[in-house]
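I need the structure of the sequence given here:
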Amino acid sequence: MTEQCWKIGELATATGLTVRTLRHFHQIGLLCPAGRSPAGHRLYTGDDVRRLYRILALRELNMPLGEIANHLDGDGADLPAAIERQLAQAERQIELHRRLHRQLQGLVQALREAREPSIDQLIQAMEAMMQAKHLSPEHFASLRRRHVEVGDAGFARWRDRMAELAARAAEYAERGTDPADPEVQDLAGEWFTAVTEMTGDDRSVLSALYSKIDRQGAEAATKGLLTTAAWEYLKRAFSVGFGGSR
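Numbers count the residues shown, from 1 in each chain. Presented below is the predicted three-dimensional model:
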């Protein structure tokens, strides 16, 4: 029996991913299709699909793409273990959404009783919303501490700086500049420095924020600070040479 294969568009449709994402995985060597059709189309086999599942499961655990590659190509490519870790992550997310549900119920009850929800209720609901959007309680607490340390003005300066860097990335992307270009690599280094300072050099928080951008889309997750084109371009700049140690 001939093994079933999928073209890139077919696999994207079947999995809910975008063709752009699959191409990015190919470009960085994370998921290379087993072959091509006579017409030159990428063809993904069952083994490729199983690897893709592991990639997505590990990404759900906020593991950076570079670490995912090392994990899969080393001794950690066990599918049952990946599923078990993903199950544990899903259970944590369920608990976060249950907490959000309880907070929203309290707000609805207050409104039904024709009274204004308390500030504490609103803050707790907002915190629950943030946590339910892929930030763990630990990540949220870390960001809150960092915000207290630098104040509103400090966070505003970081946001302005990142907006300027995002605009430059969008310009490079529009011009088709090679992400390996030294100027682009300098830009990637500046971006990394800015987000490292913003997160207090907490790599787990940084990974969770990047994961949130990938899941929700750049423009929605950053409230317009990053365009999709700028984010995809920055990721290419990171993957082709930027190592985070500049």
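
measure Ala39 to Lys7 for me?
To Lys7, Ala39 is 9 Å away according to Cβ to Cβ, to the nearest Å. In short, each C-beta sits where N, CA and C put it, glycine included.

the more surrounded of those two?
Lys7 (17 against 6; other Cβ atoms under 10 Å).

distance of the closest residue to the more buried one other than its chain neighbours from Cys5?
Distances taken as Cβ to Cβ, 6 or more residues apart in numbering put His41 closest to Lys7, at 4.8 Å, once the chain neighbours are dropped. Remark: distance between His41 and Cys5 (Cβ to Cβ) = 10 Å.

now Leu43
From Leu43 to Cys5 the distance is 4 Å (Cβ to Cβ).

please enumerate the shared neighbours of the two.
Common neighbours of Leu43 and Cys5 are listed as Ala34, Gly35 (criterion: Cβ atoms under 8 Å, 6 or more residues apart in numbering).

what about Arg98, how many neighbours?
Residues contacting Arg98 under the criterion other Cβ under 10 Å number 12.

check which helix or strand it maps to.
Element membership for Arg98, per DSSP states H and E: helix 79-112.

for that helix, packing partners?
Counting contacts by 3 or more Cβ pairs under 8 Å, 6 or more residues apart in numbering; DSSP states H and E, helix 79-112 packs against helix 46-60, helix 119-132.

so between His41 and Cys5, which is more surrounded?
Cys5 (19 against 15).

done for today, thanks.
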